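J.: Starting from these lines, generate the structure:
(3 chains)
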Amino acid sequence: MLLAALELVGIAAFAASGAVAAVRARLDVFGVTVLALTTALGGGTIRDVLLGVHPPAALVNWPSLAVAGVTGLVVFRFHPTVARLRRAVLLLDAFGLGLFVTAGTTTALALGAPPYAACLVGMTTGIGGGALRDVLLREIPLVLRREIYAVAALAGAVVVVLGDRLDLPPAPVSLVGSALIVGLRLIALWRDWNAPVPREIDG
Amino acid sequence: MLLAALELVGIAAFAASGAVAAVRARLDVFGVTVLALTTALGGGTIRDVLLGVHPPAALVNWPSLAVAGVTGLVVFRFHPTVARLRRAVLLLDAFGLGLFVTAGTTTALALGAPPYAACLVGMTTGIGGGALRDVLLREIPLVLRREIYAVAALAGAVVVVLGDRLDLPPAPVSLVGSALIVGLRLIALWRDWNAPVPREIDG
Amino acid sequence: MLLAALELVGIAAFAASGAVAAVRARLDVFGVTVLALTTALGGGTIRDVLLGVHPPAALVNWPSLAVAGVTGLVVFRFHPTVARLRRAVLLLDAFGLGLFVTAGTTTALALGAPPYAACLVGMTTGIGGGALRDVLLREIPLVLRREIYAVAALAGAVVVVLGDRLDLPPAPVSLVGSALIVGLRLIALWRDWNAPVPREIDG
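T.: Residues are numbered from 1 along each chain as shown, chains lettered A, B, ... in the order given. Take a look at the predicted model:
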């Protein structure tokens, strides 16, 4: 119940990140809505395809659909000024990432995936929607460009798997995992942490 | 039988749209053929992956394969002059969209998907092949750039679902749904309808 | 056993090709690792999704994961100078292609796919990881740009299918098929074969 509510919050966050990115790319109202839906439902659809849930829950669950579509329209109508849009995409993306990684990892464990496969599926659930958004808008996905992105997703997934191994109650564990991901992403955004880049290239 | 024949027409239309787009991008004969196959079989493959049909019918059904490959080669050999190519991609894409959305929705209903999930799967079937084509050629997909694209697909899918609920015979309903999609796309192309764009952005 | 070892070699080759491409695109250590994993595990994951293996073997098999991740880190740390990088991507990609196409075709046949579907699944297994790599880095995939790419993949897949029909032992047949693919790609790279391009375009 709590998990279902959290998943809807994650869907709204990703839908908003997709819609804002689409507004930045100057798409019209239909393009914005389609990108909101794709970003919000993409990660869960990829998860269900990987785990063999047919048809994907994201496509059968009408509240997800309604939340994603309405969020897209609201963003289109009331989007803030462009100066704040880049930051808004990153903030919303962080929340979507946190909620989707933990939900994806939990679902994978419930369907019997081994721990490291559950981590990978959870990470893919969180990263997939945003990667689709960026590829469709011809940008290199955030997960490849931002230092503390895959690592934050991995950390949250590991928390969920550890909680499962220790038989802790899943809802608070998911909250802690999500908070860890969001926290790591926000710290990274604020301090603009730099990871090592390739050694200088001659030639 | 009629539906299978129509699906082959849709495959030929999408294969041609992919091949023409590849010719425009100056790919060689192999690249043109691969893009024709990907555009033509991509939507059906995505549909079958979403619905759990393994291996995807699009890959097992050799007439689809033959039609897509031969269409690609024919386009490569006899493509019209470049002035007509942009329009040709859009026209062929409209026919492929119409036939694939209704075929995808029908298949989803037959496999027991609920009505709105069937609409989404049908829309994805129709949009998927063209989206793959555009992403592979580094263009923002038509569905995000063209106003009456997702809406036309949705309208055709709804016709199929309504026909199913009213127990109408599926073949004529699919024809009506396809014709509606193609008609909406053609009107949009000819009149160049404009959907609302984001409010002016300050900053 | 031999096949599993060869698949690990293919994973290392594709991981290295992804990592080198990521270094060329100036990604940091995390982006390089993620792209190495995506390139190496993408083809096998697509294969398993098409064939209905849930969760995909590529995500459950920890040696694959370890090999891909370590390869990415090693490339990041010890990558050669940029002048050799373009060639290195092409060479490593050729080895990955050869090993993945034959492994994918073999798996598809073992799961009961008909011969031409097995060829298509095998080609997709080989082409998928590199196509993901190129799309994520905003390049038109090699398979569309290089003449002897899809044809080499097809030739290797056909060898595997013929060997299966003639009841030959699978391991040597896979080796021959892989060697054929790698050989065709290397000859194409060295002699820079040209396939026919579209007739001149007026307008």
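J.: So A:V143 sits against C:T33, correct?
T.: No - with contacts counted by CB atoms under 8 Å, A:V143 stays clear of C:T33, the gap being 10.6 Å. (Glycine included, C-beta is placed from N, CA and C.)
J.: Name the residues contacting each of those two.
T.: A:A150 (CB atoms under 8 Å, 6 or more residues apart in numbering or on different chains).
J.: Which residue does chain A have closest to chain B?
T.: For chain A, the residue closest to chain B is A:H54, as judged by CB to the nearest CB, at 3.1 Å.
J.: what about that residue, how many residues close to it?
T.: 22 (other CB atoms under 10 Å in any protein chain shown).
J.: and chain A, which of its residues are near chain B?
T.: Contact residues, chain A versus chain B (CB under 8 Å from any CB of the partner chain): A:22-23, A:25-35, A:45, A:49, A:52, A:54-56, A:59-60, A:62, A:65, A:76, A:79, A:81-83, A:135-138.
J.: Would you mind measuring from the nearest residue to A:D164 once chain neighbours are set aside to chain C?
T.: In this structure, A:D164 finds its nearest non-sequential neighbour in A:L109, 5.2 Å apart by CB to CB, 6 or more residues apart in numbering or on different chains. Here A:L109 is placed at a distance of 11 Å from chain C (CB to the nearest CB, to the nearest Å).
J.: wait, A:L109 sits on A:R165?
T.: No - contact between A:L109 and A:R165 fails when scored by CB under 8 Å: they sit 9.5 Å apart.
J.: So which of these two has more stuff around it?
T.: A direct count of neighbours by other CB under 10 Å for A:L109 and A:R165 places A:L109 higher, at 22 against 10.
J.: In terms of pLDDT, where does the more buried one sit?
T.: We have a pLDDT of 93 for A:L109.
J.: Just after the one helix or strand it maps to, pick out the following helix or strand.
T.: Assigned by DSSP states H and E, A:L109 belongs to helix A:82-110. Next helix or strand after helix A:82-110 toward the C-terminus (DSSP H and E): helix A:115-136.
J.: Give me the contact status of that following helix with chain C.
T.: Yes - using CB under 8 Å from any CB, helix A:115-136 comes into contact with chain C via A:Y116, A:A117, A:L120, A:V121, A:A131, A:V135.
J.: Between those residues, which sits nearest B:A13?
T.: When the residues of helix A:115-136 next to chain C are compared for distance to B:A13 (CB to CB), A:V135 wins out at 24.8 Å.
J.: I'd assumed B:V135 was in contact with that closest one.
T.: Yes - between A:V135 and B:V135 there is a contact under CB under 8 Å: 6.1 Å.
J.: For these two, list the residues in contact with both.
T.: Taking CB under 8 Å, 6+ apart as the criterion, A:V135 and B:V135 both touch C:V135.
J.: those helices in chain A, which residues are they?
T.: Counting by DSSP state H, chain A has these helices, from start to end: A:2-24, A:29-51, A:57-60, A:62-78, A:82-110, A:115-136, A:142-145, A:150-165, A:170-191.
J.: so what's the residue in chain A positioned nearest to chain C up against?
T.: At 3.1 Å from chain C, A:G52 is the closest residue in chain A, using CB to the nearest CB. Counting by CB under 8 Å, 6+ apart, A:G52 makes contact with A:L111, B:G52, C:G52, C:H54, C:P55.
J.: Check A:T105 too.
T.: Residues near A:T105 by CB under 8 Å, 6+ apart: A:A118, A:C119, A:V121, A:G122, A:T125, A:G156, A:A157, A:V160, A:V161, A:G177.
J.: still on that earlier bit, top of the residues of helix A:115-136 next to chain C by neighbour count?
T.: Highest neighbour count within the residues of helix A:115-136 next to chain C, by other CB under 10 Å: A:V121, with 28 neighbours.
J.: Next, count neighbours for A:L166.
T.: 8.
J.: got it, and the one 4 residues further on?
T.: Burial of A:P170, expressed as a neighbour count using other CB under 10 Å, amounts to 18.
J.: Which pLDDT does the model give it?
T.: Value for A:P170, per-residue pLDDT: 83.
J.: For it, give its distance to A:D48.
T.: 19 Å (CB to CB, to the nearest Å).
J.: Buried ones among the contacts of A:T105?
T.: Buried members of the contacts of A:T105, counted by 16 or more other CB atoms under 10 Å in any protein chain shown: A:A118, A:C119, A:V121, A:G122, A:T125, A:G156, A:A157, A:V160, A:V161, A:G177.
J.: would JSON lines of the residues you listed with distance to C:F100 and pLDDT be doable?
T.: Output for those, formatted as JSON lines (distance: CB to CB, whole Å; pLDDT from 0 to 100):
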{"residue": "A:A118", "distance to C:F100": "25", "pLDDT": "93"}
{"residue": "A:C119", "distance to C:F100": "24", "pLDDT": "93"}
{"residue": "A:V121", "distance to C:F100": "21", "pLDDT": "93"}
{"residue": "A:G122", "distance to C:F100": "25", "pLDDT": "94"}
{"residue": "A:T125", "distance to C:F100": "25", "pLDDT": "93"}
{"residue": "A:G156", "distance to C:F100": "31", "pLDDT": "96"}
{"residue": "A:A157", "distance to C:F100": "27", "pLDDT": "96"}
{"residue": "A:V160", "distance to C:F100": "31", "pLDDT": "95"}
{"residue": "A:V161", "distance to C:F100": "29", "pLDDT": "95"}
{"residue": "A:G177", "distance to C:F100": "34", "pLDDT": "95"}
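J.: can I get those in CSV with distance to A:R191?
T.: CSV is the format used below for these (distance: CB to CB, whole Å):
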residue, distance to A:R191
A:A118, 30
A:C119, 26
A:V121, 30
A:G122, 25
A:T125, 27
A:G156, 19
A:A157, 23
A:V160, 26
A:V161, 28
A:G177, 22
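J.: List the residues that contact the residue positioned nearest the centre of chain A.
T.: Residue closest to the mean C-alpha point of chain A, counted by CA atoms, centre = their mean, is A:L97 at 3.1 Å. By CB under 8 Å, 6+ apart, A:L97 lies in contact with A:G126, A:I127, A:G130, A:Y149, A:A152, A:A153, A:I181, A:V182, A:R185.
J.: Apart from its chain neighbours, what residue comes closest to A:L99?
T.: Using CB to CB, 6+ apart and skipping residues adjacent in sequence, the residue nearest A:L99 is A:G10, 2.9 Å away.
J.: From A:V160, how far off is the one you found?
T.: Distance from A:G10 to A:V160, by CB to CB: 14 Å.
J.: so how many other residues sit close to A:T38?
T.: Summarising burial for A:T38: neighbours were counted as other CB under 10 Å, giving 26.
J.: And the one 5 residues further on, by the same measure?
T.: Here the neighbour count serves as a burial measure; for A:G43 (other CB under 10 Å) it reads 31.
J.: Contact partners for it?
T.: A:F14, A:G96, A:F100, A:G104, A:T124, A:T125, A:G126, A:I127, A:G128, A:G129, A:G130.
J.: is it possible to export these to a markdown table including distance to C:L91?
T.: Listed next are the contacts of A:G43 as a markdown table, based on distance: CB to CB, whole Å:
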| residue | distance to C:L91 |
| --- | --- |
| A:F14 | 39 |
| A:G96 | 39 |
| A:F100 | 37 |
| A:G104 | 36 |
| A:T124 | 29 |
| A:T125 | 34 |
| A:G126 | 34 |
| A:I127 | 29 |
| A:G128 | 30 |
| A:G129 | 34 |
| A:G130 | 32 |
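J.: follow-up on the earlier one: tell me the confidence at the residue nearest to A:L99?
T.: pLDDT, A:G10: 87.
J.: sorry, back to before: report the angle between the axes of the helix holding A:L109 and helix A:115-136?
T.: Following axes from the mean of the first three to the mean of the last three CA atoms, to 10 degrees, one obtains 150 degrees for the angle between helix A:82-110 and helix A:115-136.
J.: Could you tell me the angle between helix A:82-110 and helix A:150-165?
T.: Using the same axes, to 10 degrees: helix A:82-110 against helix A:150-165 is 30 degrees.
J.: neighbours around the nearest residue to A:Y149 once chain neighbours are set aside, how many?
T.: Spatial nearest neighbour of A:Y149, excluding adjacent residues (CB to CB, 6+ apart): A:V143 at 4.8 Å. Around A:V143 there are 25 other residues, counting by other CB under 10 Å.
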